[in-house]
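Q: using only what follows, build the 3D model:
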Amino acid sequence: MSAIPPSVDALVIGAGPAGLATAAELTPQGLAVLVIDKADRVGSSWSRHYDRLHLHTARRLSSLPGTPIPSTMGQWVARDDFLRYLSDYTETHALDVRLGVTALSVTRDGDGWLASTDRGTIHATVVVVATGYNHTPFRPEWDGVDSFHGQIIHSSEYRNPDQVTGSTVLVVGTGNSGAEIAADLAEGGHTVLLSVRTMPNIVPRAVVGIPNQLLVLSISPLPRRARDIISGALQKIVIGDLSRYGITRAPRGIVTQLERDDVVPTIDVGLIRALKAGTVMVVASIDRFEDGAVRLSDGSTIAPDAIVVATGYRRGLESLVGGLDILLGNGRPKVNADAQLDNAPGLYFIGYSNPITGNIRQLAIDARRIARVVKQRS
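A: Numbering: from 1, shown residues only. Presented below is the predicted three-dimensional model:
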């Protein structure tokens, strides 16, 4: 394994789509750019996703700067195809990526930054943190959970229905992972109970062949209220009333729920079909565990054979930059993309927004913005 350089112009922490896109934009400026990642491959978080995963955003709107995703990968790019694209992207742009290097902390060092890693320290004028929006799996601490003797796995560990034991599976969470895993389990022959705490806004992936992402982009210049009304009307027409299946109206409109609560809409890739077929049944949220059974918030009790916890992730940035007064109370950076804090010049974050117009599309935009600011300041 080659030694890491003690000094570079720009250090990118994270070799996922955000980090690779940023490095590809910075490298043509003639800068010495180094990308590090603790994993053994680029895009490692994608390799850990479930087998059936496809991008929920359209291929043409999901490419990184400078290299389109090949049309042979189809409209909705499969997980393994996207991983291959990221690997090819790294090679095409001749990026200097060092894998198996764990970043431990980033601190101020004169006019630049010092990154401590498990392979030594690296001085950099610019540091870009791109460790991922979905970094650290979040698991609720339910009372009495130790009394449950069945299988419990987080959605980050789920691969396919064969991995889950027993016939009845409780899936906790109705975000995109929970909804798709519930549908996957149902298609695999399991009886699925879907635990819902907050009603989701379910939207189609495409409408009459048009990707929903394009429709969202077309109304993005409008005020929030107008976008809520238009997207809600489309949702009502295409998705319809799901109350008979236990999914009632979400507490906020699609756009408001994202911007105020940081809850993205749930894109339907099989959940509605499973609800209507009766292979996925909605139940209340978990209150606690008692004698191996699950007590729900409505007072009922269920006894699943296994549980898949799809309760999301945290950013996990505290150990890396927690001492810099740059994180919000929820663990997200105070700035994203080309925005800078006065006390942290040259420190950038990318991938920590969660736009309804598509996360990967936004990564490409933000990578260009960072590169433009770095060029202006160099």
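
Q: in contact with Y245, which residues?
A: The neighbours of Y245, taking C-beta atoms under 8 Å, 6 or more residues apart in numbering as the test, are L275, K276, V282. Just so you know, the C-beta spots here come from the backbone N, C-alpha and C atoms, and that holds for glycine as well.

Q: now intersect these with the strands, please.
A: Those of the contacts of Y245 mapping onto strands are V282, per DSSP state E.

Q: neighbour count added to the contacts of Y245, as CSV?
A: Formatted as CSV, these follow (neighbours: other C-beta atoms under 10 Å):
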residue, neighbour count
L275, 25
K276, 12
V282, 18
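
Q: and which of the contacts of Y245 is nearest to R372?
A: Of all the contacts of Y245, R372 sits closest to L275, with 45.9 Å by C-beta to C-beta.

Q: please name the nearest non-neighbouring residue to the closest one.
A: In space, and not counting its chain neighbours, L275 is closest to Y245: 4.2 Å by C-beta to C-beta, 6 or more residues apart in numbering.

Q: distance of that neighbour from A277?
A: Distance of Y245 to A277, given as C-beta to C-beta, to the nearest Å: 10 Å.

Q: next: T27.
A: Distance from T27 to A277, by C-beta to C-beta: 50 Å.

Q: which of the two has more neighbours?
A: Using other C-beta atoms under 10 Å as the criterion, T27 and A277 rank with T27 on top: 19 against 10.

Q: in this structure that one contacts T92, no?
A: No: applying C-beta atoms under 8 Å, one finds T27 not in contact with T92, separated by 11.4 Å.

Q: if I pick T121, what's in contact with it?
A: Here T121 is in contact with P6, L114, A115 (C-beta under 8 Å, 6+ apart).

Q: now do the strands in the stretch 1-150 of the chain.
A: Taking DSSP state E, counting those that start in this stretch as the test, the strands found in the stretch 1-150 of the chain are 7-13, 33-37, 97-99, 103-109, 112-117, 120-129, 136-137.

Q: mind pulling the model confidence for the residue nearest the centre of the chain?
A: When C-alpha atoms, centre = their mean is applied to the chain, the residue found nearest the centroid is N134 (4.5 Å). For N134, the pLDDT comes out at 79.

Q: count of neighbours near the residue nearest to it when sequence neighbours are not counted?
A: Leaving aside its sequence neighbours, N134 sits nearest to Y313 (C-beta to C-beta, 6+ apart; 4.0 Å). Y313: 17 surrounding residues under other C-beta under 10 Å.

Q: residue contacts, Y313?
A: Counted by C-beta under 8 Å, 6+ apart, Y313 has contacts Y133, N134, H135, T136, P137, F138, S156.

Q: what's the answer for L104, then?
A: L104 neighbours (C-beta under 8 Å, 6+ apart): S116, T117, D118, S319, L320.

Q: now with 10 Å?
A: K38, A115, S116, T117, D118, T121, S319, L320 (C-beta atoms under 10 Å, 6 or more residues apart in numbering).

Q: how about these in JSON lines, adding pLDDT and distance to S63?
A: Putting the contacts of L104 into JSON lines (pLDDT from 0 to 100; distance: C-beta to C-beta, whole Å) gives the following:
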{"residue": "K38", "pLDDT": "95", "distance to S63": "26"}
{"residue": "A115", "pLDDT": "96", "distance to S63": "29"}
{"residue": "S116", "pLDDT": "96", "distance to S63": "34"}
{"residue": "T117", "pLDDT": "96", "distance to S63": "30"}
{"residue": "D118", "pLDDT": "94", "distance to S63": "33"}
{"residue": "T121", "pLDDT": "96", "distance to S63": "35"}
{"residue": "S319", "pLDDT": "91", "distance to S63": "32"}
{"residue": "L320", "pLDDT": "94", "distance to S63": "28"}
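
Q: put the buried members of these into a ChimeraX selection.
A: In ChimeraX, a selection of the buried entries from those looks like this (16 or more other C-beta atoms under 10 Å):
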select :38,115,117,320
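
Q: which other helices and strands contact the lengthiest helix in the chain?
A: Assignment by DSSP state H gives helix 359-377 as the longest helix of the chain. Here helix 359-377 touches strand 7-13, helix 17-26, strand 120-129, strand 347-349, going by 3 or more C-beta pairs under 10 Å, 6 or more residues apart in numbering; DSSP states H and E.
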